[in-house]
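Chemist: starting from these lines, generate the structure:
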Amino acid sequence: MKLEIFRYILEVDRLHSISAAARSLHIRQTTLSAAVKSVEEELGYPIFQRTPSGVAATQPGEQFLALAWEIHIKYEELLRLKQRTTEGGPTVHLLLPPSVMACLPLPLTRLYGQFELRGNLSFEECLSVEVGNRIAAGHANLGLAYLTEENIRQYEAETASGTLRLQRLLWDRIELLVARTHPLAGLERVDMDQLYNERLATEKTVRDDAILGKRLLKWNKVTKFTDVDLMKQAILEQQMIGFLPRYTLLSEGNASEMSRFSVVPVEHTERENRLALCLIQREERVLGYQEKILSSCIQDYFSQFCREHPGFGEEGVEHADGASSVPDRDQ
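Modeler: Just a heads-up that it's a prediction; the model follows:
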């Protein structure tokens, strides 16, 4: 009996469905059915029985599953030991939207570096709308994305199938960024209809935006820059305007720089000006040891950020018990 068979059968038990388990494992349903049947023939008793809602363990099957789980856990421990002792180690990829790429890598690298793990850490810029698809396709196992309530409902349907996990890190909104010398800088708030003759600087392709909607497509003075830093430089030097999330504007390292800018709340956006910055990742059993550490560092960083900036914690940052989520380094 191969070790991977234990993982297959445990997934069938977790989802109570051979077809759902096959999708989660990315194998054919017929392959999984044949594997379960082969094991049952080898054991001499059925592990599962059919029920109106799918499959359930038989009495001897429950005993088999308990032992199979222990074997699976021990095997995972052996793999983690190998990861910690093999020269070089794996490269951990983290997908980040442009506005988060501008401020998160340095503090996150500092947190992750405290664990002195072998291997490499790689940050890759990715639009929020593409993060989930990139992870589902296997290009990375971890990513951050700004999502609307509608986006979150779609992802929650994915998490119910066991393929992806989603966790809200903070609640946010976009605001207008201008130089302190700009005529708009003195306003308490600005209406979107006031802005169409302004020169817009952006770090992403103009498209149907999650908050601004299709209004950006009608803008006739748009310059797309390769990153947020160049975008902000153009705002300062060329009297352009831009939109950025509040987290980007208030994050570590931006305090002194922001003295040169003015941030103005935006009204009458095409869609509700409310976004959640979310951690999207594959199910935990797929993550390597280094990826679990990085995931924990991300959660702890944003928990601390929300404690220091309570306005971002509306509806709560999702920690089960408030304790540090970093795994034990000896695990």
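
Chemist: which residue ranges of the protein form helices?
Modeler: Using DSSP state H, the helices of the chain run over 3-15, 18-25, 29-43, 59-85, 98-101, 105-113, 128-136, 149-160, 215-218, 228-237, 246-250, 289-308.

Chemist: got these as TSV, with mean neighbour count columns?
Modeler: For glycine as for every other residue, the C-beta is placed from the backbone atoms N, C-alpha and C. Shown next, in TSV, are these (neighbours: other C-beta atoms under 10 Å):
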stretch	mean neighbour count
helix 3-15	19
helix 18-25	19
helix 29-43	14
helix 59-85	14
helix 98-101	23
helix 105-113	15
helix 128-136	19
helix 149-160	13
helix 215-218	14
helix 228-237	18
helix 246-250	21
helix 289-308	19
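
Chemist: nearest to residue 170, out of the ones you listed?
Modeler: helix 289-308 (5.5 Å; C-beta to C-beta).

Chemist: tilt between that closest one and helix 59-85?
Modeler: 90 degrees (axes from the mean of the first three to the mean of the last three C-alpha atoms, to 10 degrees).

Chemist: now for helix 289-308, which elements pack on it?
Modeler: Using 3 or more C-beta pairs under 8 Å, 6 or more residues apart in numbering; DSSP states H and E, the elements in contact with helix 289-308 are helix 59-85, strand 91-96, helix 105-113, strand 142-147, strand 164-172, strand 275-282.

Chemist: partners of the fourth one in the sheet?
Modeler: Strand 142-147 has its sheet partners listed here by DSSP bridges as strand 91-96 (parallel), strand 275-282 (antiparallel).

Chemist: is it possible to get a markdown table of the helices of the chain that adds distance to residue 204?
Modeler: Below are the helices of the chain laid out as a markdown table (distance: least, C-beta to C-beta, whole Å):
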| stretch | distance to residue 204 |
| --- | --- |
| helix 3-15 | 37 |
| helix 18-25 | 32 |
| helix 29-43 | 40 |
| helix 59-85 | 35 |
| helix 98-101 | 6 |
| helix 105-113 | 18 |
| helix 128-136 | 9 |
| helix 149-160 | 16 |
| helix 215-218 | 10 |
| helix 228-237 | 10 |
| helix 246-250 | 13 |
| helix 289-308 | 22 |
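
Chemist: returning to what we had before: to residue 302, which of the helices and strands packed on helix 289-308 lies closest?
Modeler: strand 164-172 (4.0 Å).

Chemist: and that closest one, which strands flank it?
Modeler: Applying DSSP bridges, strand 164-172 is found paired with strand 275-282 (antiparallel).

Chemist: relative to helix 128-136, how tilted is the strand it pairs with?
Modeler: Using the same axes, to 10 degrees: strand 275-282 against helix 128-136 is 10 degrees.

Chemist: rounded mean pLDDT for strand 275-282, please.
Modeler: Average pLDDT, strand 275-282: 93.

Chemist: before we move on, what about stretch 172-190?
Modeler: Mean per-residue pLDDT for stretch 172-190: 93.

Chemist: show the end-to-end separation of that stretch, please.
Modeler: One end of stretch 172-190 sits 18 Å from the other (C-alpha to C-alpha, to the nearest Å).

Chemist: got the contact list for it?
Modeler: 146, 194-195, 198, 211-212, 232, 235-236, 239, 241-247, 249, 260-267, 269, 273-277, 312 (C-beta atoms under 8 Å, 6 or more residues apart in numbering).
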